[in-house]
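[1] Provide a 3D model corresponding to the input given below.
(3 chains)
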Amino acid sequence: MFLDFVIVLIKAGVVLFALLNLAALLTWAERKQSAFMQDRIGPNRANLGNITAGGLLHIMADGIKMIAKEDFIPEGAHRVLHTLAPAAALFPALVVFAVIPFGDVLVIGEKAIPLQVANLNVGILYIFSIASLAVYGTMLAGWASNNNYSLLGGLRASSQMISYEVSMGLSILGILMIYQSAQLDVIVRAQGQLLLGFIPKWGILLQPVAFFLFLAAAMAENKRAPFDLPEGESEIIGYFVEYSSMKFGMFFLAEFVEIVIVAGLVTTLFFGGWQFPYLQADGFHWPFAAGVWHLPHLLVVLIQIATFSIKVLVWCWILLLVRWTLPRFRYDQVMRLGWKMMLPLALANLLVTAVIVLLVT
Amino acid sequence: METFLFWLFAIVGVGCGIMVVFHRNPMSSAIYLVVTMLCLAGFYALLAGPFVAVIQVLVYAGAVMVLILFVIMMLNLQEETLEREGGMVTWILAGLIGLGLVMAVVRQFPHTPAGTPEAAFGTIEEVGNKLFTVYMLPFELTSVLLLVAIIGAVILAKRRML
Amino acid sequence: MIPIPHYLTVSAILFTTGAIGVLMRRNALIMLMSLELMLNAVNLSFVAYARLHQDMGGHVFVFLSITVAAAEAAVGLAILLTIFRARATVDVDNLHLLQR
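    Residues are numbered from 1 along each chain as shown, chains lettered A, B, ... in the order given. So this is what the prediction gives:
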């Protein structure tokens, strides 16, 4: 009993460690990636005694800058809510990863440890409920700053987020219907089955429309380009204009942690999660009865964890690419896209999937 | 562990519930109500109802309270500048009557021990089973009610005559 | 296992707190929020009894109750907005045009 508790704590610690480090690395990767795409070099000046390490020290420099700046609360602002809002923005982003499986069961001795922090029966619904809590961070930040422009920015951001939550939820219902469970580890395991004998049943093959809808809705939920009008950079005032130092750093970090979350969700639901094609618990089972390669258990688990990590990294990279490719939407275009185009498409996808599942089974 | 969680949720939930009613700033009342709803979701999880727990967070704390906070922000309601409704005596009297009401009800509660439910109690599959077979009519009526509410809210919130 | 009457007592306390809020406060928004508090208390009571009697009907009813409460909150807030636009106040003591 106590051992189970310690194992869950260790898993949660490992996941948080990986998540926060990956988010920090993504800040560097974004700047370098955008630089390569725009035919320039990017940040390369931060150095420790003339060792520049390709700009990686900028992560540390950013962190030190944010901690060392003066932290002030504007006059007339609600003190408690102004301090609480960055935490309310970061907490949901970190907690969502608790239900995402990053490997199959790891057997040590006679103890079987599932590589997932919490195996909830309502896995996918938990993700959506935590995503709907993420609206509070932006809304409270916009209101608690006692600044009319940040209030408008906060309203803009939160109305965008709640509009795209609906499409995000509806597009995943097709996946629920096909894999017949809301538990994420059951969904990932079901993606290891083969269709027509040699094609793994990944979500993207069975639900392509839902994949694009979910990707677009998740990017809009993340307030990431092309939907980044709430923060707007050089164009319009955002909701964190009155925030400085580490509170702004927390908003910034929350955005990058959500990139990892979106990448993790897309790989789990649509790209097979930790599944390497034809790899099962005891080795490679090649299709068309072409034989079995047996592998030791630890090697199989390592391959699964590595597969998951590589898929998440590829998707993070693709999400970073999208930001520097597309121009941003105007606010009325964002709203029209969410309610008038994506919602009917998600409902149509749901209807077609339901009819097909009914006809097939 | 369960005892600790119950008392934590109970004290925080009831405390924030009382602060919802007594605080003067509507924004603070709304935040306290959100915390109360999250504590209630914790109660549902303790009572073997994972589905209703996440639905509570998703719908109530994540959508209804966001709506109420939107309205507070749009109307820009500040701290109450009017004087308190009734003096301290009225509030104490109300508290005592409320306490009397609670005492009268507590006596009627059943004290039979609750057995251990089966493992599938409160899961999505069980709720779906009941919802689409036994309780199909309320389900359909609720969807019609939601349609009526959407149309009503859109018409009421428009700026000019439809 | 916490005995079920403990959950029911918490539900009763929350319900009476919400009732006091609806009856005593003048601000229409706070009245709406106290109403939501009452609905939540009743939902807790339903789930507690469902756990006692091993009946899933309590969970289904809570699901429908949450839905109805969401619809009612939306319409109530739309009415509040209309009143605020017309009279620039949310104080319900000022809404007495239908009195003689």
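
[2] where along chain C do the strands fall?
    Counting by DSSP state E, no segments of chain C form strands.

[3] mind listing the helices for it?
    C:4-24, C:28-53, C:57-87 (DSSP state H).

[4] Give me the contact status of the second one with chain B.
    I take that to be helix C:28-53. Yes. Helix C:28-53 lies within reach of chain B by Cβ under 8 Å from any Cβ of the partner chain, at C:29-30, C:32-34, C:36-37, C:40, C:43-44, C:47-48, C:50-52. All C-beta atoms are positioned from the backbone trio N, CA, C, and that covers glycine.

[5] Which of these has the largest number of neighbours?
    residue C:40 (29 neighbours; other Cβ atoms under 10 Å in any protein chain shown).

[6] that older thread, using JSON lines, please lay out the helices of chain C together with mean pLDDT and distance to residue A:115.
    Formatted as JSON lines, these follow (pLDDT from 0 to 100; distance: least, Cβ to Cβ, whole Å):
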{"stretch": "helix C:4-24", "mean pLDDT": "93", "distance to residue A:115": "35"}
{"stretch": "helix C:28-53", "mean pLDDT": "93", "distance to residue A:115": "32"}
{"stretch": "helix C:57-87", "mean pLDDT": "92", "distance to residue A:115": "31"}
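
[7] my guess is residue B:117 meets residue C:53, correct?
    No. Assessed by Cβ atoms under 8 Å, residue B:117 is found out of contact with residue C:53, at 10.1 Å.

[8] anything in contact with each of these two?
    Here residue B:117 and residue C:53 have no joint contacts, going by Cβ atoms under 8 Å, 6 or more residues apart in numbering or on different chains.

[9] quick one, which of the two is more surrounded?
    Neighbour count, other Cβ under 10 Å: between residue B:117 and residue C:53, residue B:117 has more, with 17 against 14.

[10] for the closest residue to chain A within chain B, what are its contacts?
    Minimum separation of chain B from chain A (Cβ to the nearest Cβ) falls at residue B:62, amounting to 2.8 Å. Residue B:62 makes contacts with A:129, A:132-133, A:135, A:165, as judged by Cβ under 8 Å, 6+ apart.

[11] Nearest the geometric middle of chain B, what residue?
    Nearest to the mean C-alpha position of chain B, counting by Cα atoms, centre = their mean, stands residue B:37 at 5.3 Å.

[12] Can you pull the phi/psi pair for residue A:167?
    As for residue A:167, its main-chain torsions (degrees, to the nearest 10) stand at phi -60, psi -40.

[13] How much space separates it from residue A:357?
    21 Å (Cβ to Cβ, to the nearest Å).

[14] ok, now residue A:219?
    Separation of residue A:219 from residue A:357 (Cβ to Cβ): 28 Å.

[15] Going by how many neighbours each has, rank these two and give me the top one.
    residue A:219 (22 against 13).

[16] List of residues touching stretch A:143-159?
    Under the criterion Cβ under 8 Å, 6+ apart, residues A:74-78, A:81-82, A:85, A:135, A:138-142, A:223, A:229-232, A:236-243, A:331, A:335, B:27, B:66, B:69-70, B:73-74 lie in contact with stretch A:143-159.

[17] Kindly report the same for stretch B:21-28.
    If you take Cβ under 8 Å, 6+ apart as the criterion, stretch B:21-28 is touched by A:78, A:81, A:143, B:19, B:29, B:32, B:69, B:72-73, B:77-80, C:17-18, C:20-21, C:24-25, C:27, C:29-30, C:33-34, C:37.

[18] repeat for stretch A:16-35
    Contacts of stretch A:16-35 (Cβ under 8 Å, 6+ apart): A:41-43, A:54-56, A:58-59, A:62-63, A:94, A:97, A:252-253, A:256-257, A:259-260, A:312, A:316-317, A:320-321, A:323-324.

[19] average pLDDT across it?
    In this model, stretch A:16-35 has an average pLDDT of 92.

[20] CA atoms only for that stretch, dumped as CSV, please.
    Output in CSV follows, covering the C-alpha atoms of stretch A:16-35 (Å, rounded to 0.1, in the frame of the first residue of the first chain):
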residue,chain,number,x,y,z
LEU,A,16,6.7,16.7,-14.1
PHE,A,17,10.5,16.7,-14.5
ALA,A,18,10.3,15.7,-18.1
LEU,A,19,7.4,18.1,-18.8
LEU,A,20,9.0,21.2,-17.3
ASN,A,21,12.4,20.5,-18.9
LEU,A,22,10.8,19.9,-22.3
ALA,A,23,8.8,23.2,-22.0
ALA,A,24,12.0,25.1,-21.1
LEU,A,25,13.8,23.5,-24.1
LEU,A,26,10.9,24.4,-26.3
THR,A,27,11.5,28.1,-25.6
TRP,A,28,15.0,27.7,-27.0
ALA,A,29,13.8,25.5,-29.9
GLU,A,30,11.2,28.0,-30.9
ARG,A,31,13.7,30.8,-31.2
LYS,A,32,16.2,28.7,-33.1
GLN,A,33,13.5,27.1,-35.4
SER,A,34,12.0,30.5,-36.2
ALA,A,35,15.5,31.8,-37.0
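
[21] Quick check: buried residues in it?
    Within stretch A:16-35, the residues that count as buried by 16 or more other Cβ atoms under 10 Å in any protein chain shown are A:16, A:19, A:22-33, A:35.

[22] Which of these fall within helices?
    Checked against DSSP H, these include these in helices: A:16, A:19, A:22-33, A:35.

[23] Of the contacts of stretch B:21-28, keep whichever come out buried.
    A:78, A:81, A:143, B:19, B:29, B:32, B:69, B:72-73, B:77, B:80, C:17-18, C:20-21, C:24-25, C:27, C:29-30, C:33-34, C:37.

[24] what's the pLDDT at residue A:127?
    Per-residue pLDDT puts residue A:127 at 93.

[25] and what of the one 5 residues further on?
    We have a pLDDT of 92 for residue A:132.

[26] Backbone dihedrals for it, both of them.
    phi -70, psi -20.

[27] ditto for residue A:75
    Dihedral angles (degrees, to the nearest 10) for residue A:75: phi -70, psi 140.

[28] distance of the spatially closest residue to it that is not a sequence neighbour from chain B?
    Beyond its immediate neighbours in the sequence, the residue positioned closest to residue A:75 (Cβ to Cβ, 6 or more residues apart in numbering or on different chains) is residue A:146, lying 7.3 Å away. According to Cβ to the nearest Cβ, to the nearest Å, residue A:146 stands 11 Å off from chain B.
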